[in-house]
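>>> sharing a model that was predicted from the sequence below.
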Amino acid sequence: MSAAAVPSPALAVAGLVAGYERDLPIVKGVDLVVGAGEFLAILGPNGAGKSTLAKAIAGLVSIHSGELALGTRDIAGLPAHELVRSGLAFVPQTENIFATLTIQENLQLCADVLPAARRGERIEAAYAMFPDLGARRTIAAGALSGGQRQMLATARALLVEPSVMILDEPSAGLSPKLVGEVFETLLRINEQGVTVILVEQNVRAALAVTRSALVLCDGRVVHRGPAAGLADDPRLGEMFLGRYEGQAA
Ligand SMILES: Nc1ncnc2c1ncn2[C@@H]1O[C@H](COP(=O)(O)OP(=O)(O)OP(=O)(O)O)[C@@H](O)[C@H]1O
């Protein structure tokens, strides 16, 4: 990717080894530079370690070794809540909203990390971006459809005005129409200047909106390049099978 398209790194990962048990790394030495304003898809077969990589960056999985920087700040080892304050938002695949609380309460809980004077303004900004949520702010989040829940989870993450937003399979369980709506929303968020990293199983839909892609296989980066053309690239199948011997960054 050209320097013009990626002006400065929003996130830099070097030699990242991470996993749930010290002797069993799942992420096995990942190097990754994500430019400010980039919209990156992280793809790969089941069990490749995509979610684990995302969670390790977000401070939710132990880092065994390696370096992590958000902008110019070293973030390796920082707890997840501190990362949120630093501008890194993570939307998990599941349990990303409180079903028994109202939409408004879900947003208020996230807004608590902001200075009191800014909370109301940020919540109204979220409703402006997601009018369906604004119209239903007093209903329990558990009554929302799958797509609306994903929108609420996304709105919650946006409250802190992150520089980098990582989403773990936001399309899971959604109909193709809703997947399109969720991805279009992510595109809008990206166009507003947020660096978006999308972990996805839904390869074609993800590559239709993202600008760049990374393929992970067995905890290692096997491909990094533009999203355009990758969905129809015959080498993609080989990458998913771990048989691709081409460039690895
Ligand atoms: N909480 C956990 N504790 C222990 N091992 C885990 C945990 N979560 C995932 N793993 C293991 O880590 C490996 C990678 O899983 P991960 O969910 O990161 O892959 P993935 O590429 O996101 O897969 P998928 O697309 O199926 O979600 C798998 O072998 C999985 O069993």
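Ah, there it is. Residues are numbered from 1 along each chain as shown.
>>> residues of the helix ranked longest in the chain that come out buried?
Longest helix of the chain, by residue count under DSSP state H: helix 176-191. By 16 or more other C-beta atoms under 10 Å, the buried positions in helix 176-191 come out as 178-183, 185-187, 189-190. In short, each C-beta sits where N, CA and C put it, glycine included.
>>> so is residue 157 in a helix, a strand, or just coil?
Three-state call for residue 157 (DSSP: H, G, I helix; E, B strand; the rest coil): helix.
>>> is the residue lying closest to it once chain neighbours are set aside in a bridge, and if so with what?
Nearest non-adjacent residue to residue 157, counting by C-beta to C-beta, 6 or more residues apart in numbering: residue 89, 3.8 Å away. On the basis of DSSP bridges, residue 89 is bridged to residue 165.
>>> report the contact partners of residue 89.
157-158, 160, 162, 164-166 (C-beta atoms under 8 Å, 6 or more residues apart in numbering).
>>> check contacts around the closest residue to residue 164 other than its chain neighbours.
Using C-beta to C-beta, 6+ apart and skipping residues adjacent in sequence, the residue nearest residue 164 is residue 195, 4.6 Å away. Going by C-beta under 8 Å, 6+ apart, residue 195 touches 10-11, 34-40, 163-165.
>>> also residue 140?
For residue 140, the contacting residues are 99-102, by C-beta under 8 Å, 6+ apart.
>>> top of these by neighbour count?
residue 102 (17 neighbours; other C-beta atoms under 10 Å).
>>> who's it bridged to?
residue 140.
>>> that one contacts residue 139, doesn't it?
Yes - in this structure, residue 102 is within contact of residue 139 by C-beta atoms under 8 Å, at 6.2 Å.
>>> count of residues packed around the residue nearest to residue 176 when sequence neighbours are not counted?
Nearest non-adjacent residue to residue 176, counting by C-beta to C-beta, 6+ apart: residue 205, 7.5 Å away. Neighbour count of residue 205, defined by other C-beta under 10 Å: 20.
>>> what parts of the protein come near the ligand?
20, 26, 44, 46-52, 201 (C-beta under 6 Å from any ligand atom).
>>> the bottom helix or strand of this protein by mean pLDDT?
When the helices and strands of the chain are scored by mean pLDDT, DSSP states H and E, helix 235-240 comes last with a mean of 83.
>>> helices or strands next to that helix in the packing?
Applying 3 or more C-beta pairs under 8 Å, 6 or more residues apart in numbering; DSSP states H and E, we find helix 235-240 packed against strand 212-217, strand 220-226.
>>> wait, which of the ones you listed is closest to residue 93?
Closest approach to residue 93 among the helices and strands packed on helix 235-240 is made by strand 212-217 (15.8 Å; C-beta to C-beta).
>>> hey, C-alpha coordinates of the closest one in CSV?
The C-alpha coordinates for strand 212-217 follow below in CSV (Å, rounded to 0.1, in the frame of the first residue of the first chain):
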residue,chain,number,x,y,z
SER,A,212,-7.1,-3.6,2.9
ALA,A,213,-6.9,-7.1,4.2
LEU,A,214,-4.8,-9.5,6.2
VAL,A,215,-5.0,-13.2,6.1
LEU,A,216,-4.1,-15.1,9.2
CYS,A,217,-3.4,-18.8,9.2
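>>> how about the residue sitting nearest the centre point of the chain, what does it touch?
Centroid-nearest residue in the chain: residue 166, 1.7 Å away (criterion: C-alpha atoms, centre = their mean). Contacts for residue 166 (C-beta under 8 Å, 6+ apart) come out as 54, 57-58, 88-91, 197, 199.
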